[in-house]
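K.L.:
Please find the sequence and the predicted model below.
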Amino acid sequence: MTEIMLIRHGETEWNVAEVFRGRIDIELNETGVKQAELLAAHLSEIKIEAIYSSPLKRALKTAEIIARYHKLDVNTTPGLLDLDYGKWQGLAHQEVKDKYKELYATWLDHPEQVRMPEGESLNDVRERAMGVVNDIIARHRGTVVLVSHRVVNKVLICALLGLDNSHFWRIKQDTCGTTIFTYERGQFILTKHNDTSYLKPLGKTPLNDF
């Protein structure tokens, strides 16, 4: 049996300000570092076989904080990179709503139909991220941590549940939230979703799904 632990990186200032991040390499903010430290302490007693991460700093820093407790190296993979938002990257949420009204409406109603201008589609993300998962289940037994991004994790959760990308907005994962699947006898089973119980000491209300 393989256990896949999908973790979203900690908070950044662009999460708070609702700015589209994508491939722009934003650091964790102070809250994000604290979130990662609380998550790492929560996972410290769990035997983790391997840790994989997006190479972007916000995910990699989260992964490295977890890895310290387990004396593990972090394996970076481009398959876990955030969605390439193309021309939306670095723009505020409201600016995208105003500038790309028609495409933004489709993004909300039919996300599976959208290819970001000069960027990716959800299906592009799904193909590369599932490549990482398939490689992991072929190579590992035990618990494997994947630290990535909101879009990547939402798409992976859909894929592992056998849902298409039209269900993207029906799933939420907060910063430093944990979702767990087991893989056994050829199928993925969801055992926990968006656990943030370990973040209660921060006393913060979760951000919007952005």
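P.N.:
Cool, got the structure. Numbers count the residues shown, from 1 in each chain.

K.L.:
going forward, measure contacts between C-alpha atoms and count neighbours the same way
P.N.:
Will do.

K.L.:
Low-confidence stretches in the chain?
P.N.:
Low-confidence regions of the chain, defined here as pLDDT under 70, do not occur.

K.L.:
How about the residue nearest to the spatial centre of the chain, nearest residue that isn't a chain neighbour?
P.N.:
Closest to where the C-alpha atoms of the chain average out (Cα atoms, centre = their mean) is H149, at 2.7 Å. Spatial nearest neighbour of H149, chain neighbours left out: R8 (5.1 Å); criterion: Cα to Cα, 6 or more residues apart in numbering.

K.L.:
go on, V19?
P.N.:
In space, V19 is closest to A92, 4.2 Å off (Cα to Cα, 6+ apart).

K.L.:
which of the residues in the host helix or strand of V16 are buried?
P.N.:
Using DSSP states H and E, V16 sits in helix 13-17. Across helix 13-17, burial judged by 16 or more other Cα atoms under 10 Å covers 14-15.

K.L.:
can you list contacts of that helix?
P.N.:
Here helix 13-17 makes contact (Cα atoms under 8 Å, 6 or more residues apart in numbering) with 20-21, 26, 28-29, 92, 207, 210.

K.L.:
Which elements pack onto the longest helix along the chain?
P.N.:
Counting by DSSP state H, the longest helix found in the chain is helix 122-139. Using 3 or more Cα pairs under 8 Å, 6 or more residues apart in numbering; DSSP states H and E, the elements in contact with helix 122-139 are helix 150-160.

K.L.:
Just name whatever secondary elements the helix it packs on is in contact with.
P.N.:
Under the contact criterion of 3+ Cα pairs under 8 Å, 6+ apart, helix 150-160 touches strand 2-8, helix 122-139.

K.L.:
and Y69, which of these is closest to it?
P.N.:
strand 2-8 (16.2 Å; Cα to Cα).

K.L.:
ok, how many other residues are close to the residue nearest to V19?
P.N.:
15 (other Cα atoms under 10 Å).

K.L.:
Spit out the contact partners of it.
P.N.:
By Cα under 8 Å, 6+ apart, A92 lies in contact with 17-20.

K.L.:
how much space between it and F210?
P.N.:
Computed as Cα to Cα, to the nearest Å, the A92 to F210 distance reads 11 Å.

K.L.:
Please enumerate the shared neighbours of those two.
P.N.:
With Cα under 8 Å, 6+ apart as the test, A92 and F210 both reach E18.

K.L.:
Make sure H193 is indeed in a strand.
P.N.:
Yes - under DSSP: H, G, I helix; E, B strand; the rest coil, H193 sits within a strand.

K.L.:
Which of the three states applies to I189?
P.N.:
Classification of I189 using three-state DSSP returns strand.

K.L.:
pretty sure it contacts T179?
P.N.:
No - contact between I189 and T179 fails when scored by Cα atoms under 8 Å: they sit 11.1 Å apart.

K.L.:
Look at those two and report which has more neighbours.
P.N.:
Neighbours were counted for I189 and for T179 using other Cα under 10 Å; T179 has more, 21 against 15.
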